[in-house]
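J.: take this sequence and fold it.
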Amino acid sequence: YKVAVCDQVEDARDAKGIVRREVVRVITPGTVIDEGMIDSSRARYLMAVAMDAASGEAGFAFLDITTGEFFVTAWPKDQVKGAVQSEIVRHRPAECLVHHDLPADITRMVSESGVVVTCTEDELASPESAGGYLAGHFRVAGLEGFGIAAMPAVVKAAAMVLRYAKETQRLDLSHVQKIAFRQTRDTCLIDSITLRNLEILEGIRGRPSDPTLFSLLDLTVTPLGSRFLRGMLSAPLLSVPAITRRLDAVEFFATRSSVRLAVRDLLHEAADISRIGGRIACGNAGPRDLLALARTLSLIPALKSTLADPDLPGELAGACADLVDEDWVVPLIESAIADDPPATARNGGVIRQGYDRTLDELRQHAVSGKEWIALLQQREREKTGIKSLKVGYNAVFGYYIEVTKPNIPLVPASYERKQTTSSGERYTLPELKEQEALIATAEDRLGSRERELFLGLVGKLAPAVPALQSVAGGIAVLDGMAGLAEAAVRYHYTRPVIDDSSVILIREGRHPVVEPGMAGGFVPNDTLLSGSSDQVLIITGANMAGKSTYMRAVALTVVMAQAGSFVPAAHARIGVVDRIFSRVGAFDDLASGQSTFMVEMLELANILNNVTNKSLVILDEIGRGTSTLDGYCIARAVLEYLHGKTSSGPRTLFATHFHELVPAGEELKRVRTYHFAVKDTGDEVIFLRKLIPGATDRSYGIHVASLAGVPQRAIIRASALMEEYMRGDTPGRGRVQRYTQMLLVDTPPSIDHPVLSELKRLDPDTLTPREALEVLYSLHDKATGTRENEE
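T.: Down below sits the predicted model:
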């Protein structure tokens, strides 16, 4: 949608005919700046996508008009489709701009994600014109200082988004003062599928009420801090020093409760000055915005005093340095704005008494006129003897003298009839009309003067917007770090050790989101992953035993640690991972005609094509969407692919019900097998939720089906079939084997041959590799008569 806002642009008194109006701005999904129309906990991004025809590189630009935040990123040709999905899930733009020459599949992908797509003209299609437009806005000779001069797709996307924003707002957007280039190699890449599967920002079902990692950790007290935390979790860091700086800040607040509480109490009073600054720059701020700004800036001295500690960590010291004190702003606002102003400046009552002499005089004229009206009522009552006479006002007829029907005979001849009502008559007097004109003129001038003063005040504050953006950044960091410290204390988290090794070591790890809802307590588990030794953990066990929860817990612990948060474990050592992949759960993509298995294979292909030795991979039941044999072969091949032939590989958690994969733990040197313990008493199955070394060959699927409420008749039948299968005489099995053999052998063997009879009785699915070899030798001996000859 697009909404055009039209305003009157000339004084009605000066107009000849219809008062002239003009479109002053156009509101689109990505250019909304009005406070009541946007979510304070999310940035409101306008996004643009562009591609370089020569290299195939894609450029992405994101602009939040409400705050002035402007950043870009670039992705190589072979990762563009995944990048589109990931960037949209990570930043949730409200609108995306595309050129008409963008590949149709990219445009369709954006549209299907729920983002409004807007096609733009190609005036800035060339890198030269786009670069010139950006340089003109930022008043620089070139874009080298922003690090994007040699990136045509990025420059094109940035110019698209900035031009569109300026054209719709009819403003120069002076608060957009820089472009930040975010390199993909600076952060851990989490694709859209993994963000969904791990429920980092949104629940897997897409419901706002679903618990997520963000909703759990968001104990911030300001919108600034909440948005900062969202960014931390969606883009964990790769730099060990940068992560350590954040952890130092969290530890400072966690170990100094009085300081943390004092800072959080102060920040409770802080407003969203980043967006207030944006509205000031756009000329759209209201009186209450300015008071909230003054109140927030007044907190700066107390915040700095509270944090005046010689041991203050670098991250917090940097945040305090951002709290620049524009000491002229608060006195100006407090001297100009009334204590309890209305929401807008349209109807007066905004400017404080004493701020402007002309305004004070106009107010006095208006008050004097109304006092004269009150005196007129008293005088006319005494003069006419009509005690019920009253002077009133409405917007249509103006001021009038109202007399009830019984008193009409007492009305003097000097009264001029103005209106008849059901209860009487309304009159006016020449002197009342004269006074009404004086009051109307005074109130009109009063309103104009007050609006003029308020707009002038907003204009005076505009130069302070860059400083306000700096203060907003400092508050965001303080609130984000204090909120994470509050979570660490509340949920009993511990500080992780971060390094560049290939080790992930977690002692007594818990799932951060699941744990708070566990009435009986969460069973913790240990994890050891190492790219050079314990690289792949094959995890077997019963359905409902906790495999998926455990794997997600490990991944979320890594996300939290690299974001700079304490983690739900007794101890954790995290070797930084560059990407996190997950293949968990099953979803049909019916809209695009893709089955569950096809979706699974597409996600698997993305993982195998982009994984590196520093990645973390979570795979849950690969191959379950097809036949048992196909599924096993795919799972085994994927396992071998990830293990590779080098001395190290991606750290991988591999949950499966293919128990035939267990021997891989002996054949592949960096593969280990684990399972979740189950207590089976015969009458009852108890899931212990504990991960222990070794494998298991039971999944307890029938038991889980019973718990789910599957009719007992079906459960009994399933149990009977299972018993038959375990005895090797499942009905129909022999026929399938005979048919397969007929396809492989030209001449049917004699049905009386003892070797064939024994083959029919065998169930190869129940044999271990060693047993299979022994059977093979035995059958060979019988077929050739070797053993008989030896005897």
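J.: quick check: next helix or strand after the lengthiest helix in the chain?
T.: When the chain is parsed with DSSP state H, its longest helix is helix 430-461. Next along the chain after helix 430-461, taking DSSP states H and E as the criterion, comes helix 465-491.
J.: need the contact list for residue 193.
T.: 85, 582, 583, 603, 606 (C-beta atoms under 8 Å, 6 or more residues apart in numbering). Backbone N, C-alpha and C define where each C-beta goes, glycine included.
J.: ok, and the closest non-adjacent residue to the residue positioned nearest the centre of the chain?
T.: Geometric centre of the chain, nearest residue: residue 201, 4.9 Å, by C-alpha atoms, centre = their mean. Of all residues not flanking residue 201 in the chain, residue 214 sits nearest, at 5.1 Å (C-beta to C-beta, 6 or more residues apart in numbering).
J.: am I right that that neighbour is in a helix?
T.: Yes: checked against DSSP: H, G, I helix; E, B strand; the rest coil, residue 214 lies within a helix.
J.: my guess is it contacts residue 229. True?
T.: Yes: with contact defined as C-beta atoms under 8 Å, residue 214 and residue 229 form a contacting pair (6.9 Å).
J.: those two: which is more packed in?
T.: Each of residue 214 and residue 229 has its neighbours counted (other C-beta atoms under 10 Å); residue 229 has more, 26 against 19.
J.: before we move on, which element is that one in?
T.: Assigned by DSSP H and E, residue 229 falls within helix 223-234.
J.: now do that helix: distance to the chain's middle.
T.: 8 Å (C-alpha atoms, centre = their mean, to the nearest Å).
J.: what residues of that helix count as buried?
T.: 223, 224, 225, 226, 227, 228, 229, 230, 232, 233, 234 (16 or more other C-beta atoms under 10 Å).
J.: ok, the residues you listed vs residue 677, which is closest?
T.: residue 233 (32.2 Å; C-beta to C-beta).
J.: could I get the contacting residues of the closest one?
T.: Residue 233 sits next to 200, 201, 213, 214, 217, 559, 560, 563 when contact means C-beta under 8 Å, 6+ apart.
J.: quick one: it and residue 336, what's the gap?
T.: 40 Å (C-beta to C-beta, to the nearest Å).
J.: got it, and residue 704?
T.: From residue 704 across to residue 336, the span is 69 Å (C-beta to C-beta).
J.: these two: which is more packed in?
T.: residue 336 (22 against 16).
J.: ok, the more buried one - contacts?
T.: 290, 351, 352, 355, 453, 457.
J.: PyMOL command for the buried members of those residues?
T.: To isolate the buried ones among these in PyMOL, judged by 16+ other C-beta under 10 Å, type:
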select buried, resi 290+351+355+453+457
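J.: CSV for the contacts of residue 336, including pLDDT and distance to residue 619?
T.: What follows is those, written out as CSV (pLDDT from 0 to 100; distance: C-beta to C-beta, whole Å):
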residue, pLDDT, distance to residue 619
290, 96, 55
351, 92, 65
352, 93, 65
355, 92, 67
453, 93, 65
457, 95, 60
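J.: next structured bit after the helix or strand bottoming out on mean pLDDT in the chain?
T.: Lowest on mean pLDDT, DSSP states H and E among the helices and strands of the chain sits helix 733-744, with a mean of 40. Following helix 733-744 in sequence order, the next helix or strand is helix 754-761 (DSSP H and E).
J.: next, the buried residues of the helix or strand that that following helix is followed by.
T.: Next along the chain after helix 754-761, taking DSSP H and E as the criterion, comes helix 769-784. Buried residues in helix 769-784, counting neighbours by 16+ other C-beta under 10 Å, are found at residue 779.
J.: next: stretch 191-200.
T.: Under the neighbour-count criterion of 16+ other C-beta under 10 Å, stretch 191-200 has 191, 192, 193, 194, 195, 196, 197, 198, 199, 200 buried.
J.: that one: how far from the chain's middle?
T.: With C-alpha atoms, centre = their mean, you get 11 Å for stretch 191-200.
J.: give me the domain ranges for this structure.
T.: Per automatic domain parsing, the structural domains of the chain span 45-186, 218-396+430-490, 492-696, 733-790.
J.: turn those into TSV, columns for distance to residue 22.
T.: Shown next, in TSV, are these (distance: least, C-beta to C-beta, whole Å):
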stretch	distance to residue 22
domain 45-186	9
domain 218-396+430-490	15
domain 492-696	43
domain 733-790	79
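J.: out of those, the one nearest residue 418 is which?
T.: That would be domain 218-396+430-490 among the domains of the chain, by C-beta to C-beta, at 9.8 Å.
J.: quick one: end-to-end distance for that closest one.
T.: 12 Å (C-alpha to C-alpha, to the nearest Å).
J.: flag the shaky bits of the stretch 351-500 of the chain, pLDDT-wise.
T.: For the stretch 351-500 of the chain, no stretch has pLDDT under 70.
J.: gap between the nearest residue to residue 184 once chain neighbours are set aside and residue 151?
T.: By the measure of C-beta to C-beta, 6+ apart, the closest residue to residue 184 outside its immediate chain neighbours is residue 73, 6.4 Å from it. Here the distance between residue 73 and residue 151 works out to 10 Å (C-beta to C-beta).
J.: joint contacts of these two?
T.: residue 59.
J.: for residue 527, phi and psi?
T.: Residue 527 adopts backbone torsions of phi -140, psi 140, taken as degrees, to the nearest 10.
J.: and for residue 508?
T.: Main-chain dihedrals, residue 508, degrees, to the nearest 10: phi 50, psi 50.
J.: what's it in contact with, if anything?
T.: 524, 525, 526, 569, 570, 571.
J.: the closest residue to the last one other than its chain neighbours: what's it in contact with?
T.: Yep, that's residue 571 we're talking about. Excluding its sequence neighbours, the residue lying closest to residue 571 (C-beta to C-beta, 6+ apart) is residue 507, at 4.1 Å. By C-beta under 8 Å, 6+ apart, the contact set of residue 507 is 526, 569, 570, 571, 572.
J.: dump the residues you listed into TSV; add neighbour count, distance to residue 106 and secondary structure as well.
T.: Output for these, formatted as TSV (neighbours: other C-beta atoms under 10 Å; distance: C-beta to C-beta, whole Å; DSSP: H, G, I helix; E, B strand; the rest coil):
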residue	neighbour count	distance to residue 106	secondary structure
526	16	44	strand
569	28	41	coil
570	14	46	coil
571	15	45	strand
572	26	39	strand
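J.: all strands for the stretch 301-450 of the chain, in order.
T.: 390-394, 398-404, 416-420, 424-428 (DSSP state E, counting those that start in this stretch).
J.: of all those strands, which lies closest to residue 160?
T.: Nearest of those to residue 160, taken as C-beta to C-beta: strand 390-394 at 52.3 Å.
J.: thinking again about what came up before, any idea of the pLDDT on the residue nearest to the centre of the chain?
T.: For residue 201, the model assigns a pLDDT of 92.
J.: thought residue 92 was touching residue 47?
T.: No: between residue 92 and residue 47 there is no contact under C-beta under 8 Å: 9.5 Å.
J.: these two: which is more packed in?
T.: residue 47 (26 against 20).
J.: how about the CA coordinates for the host helix or strand of the more buried one, as CSV?
T.: Residue 47 belongs to strand 46-51 when assigned by DSSP H and E. What follows is strand 46-51, C-alpha atoms only, in CSV (Å, rounded to 0.1, in the frame of the first residue of the first chain):
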residue,chain,number,x,y,z
LEU,A,46,13.5,-0.5,4.0
MET,A,47,15.5,-3.0,2.0
ALA,A,48,16.9,-3.0,-1.5
VAL,A,49,18.5,-5.9,-3.6
ALA,A,50,20.7,-5.4,-6.6
MET,A,51,23.0,-7.6,-8.6
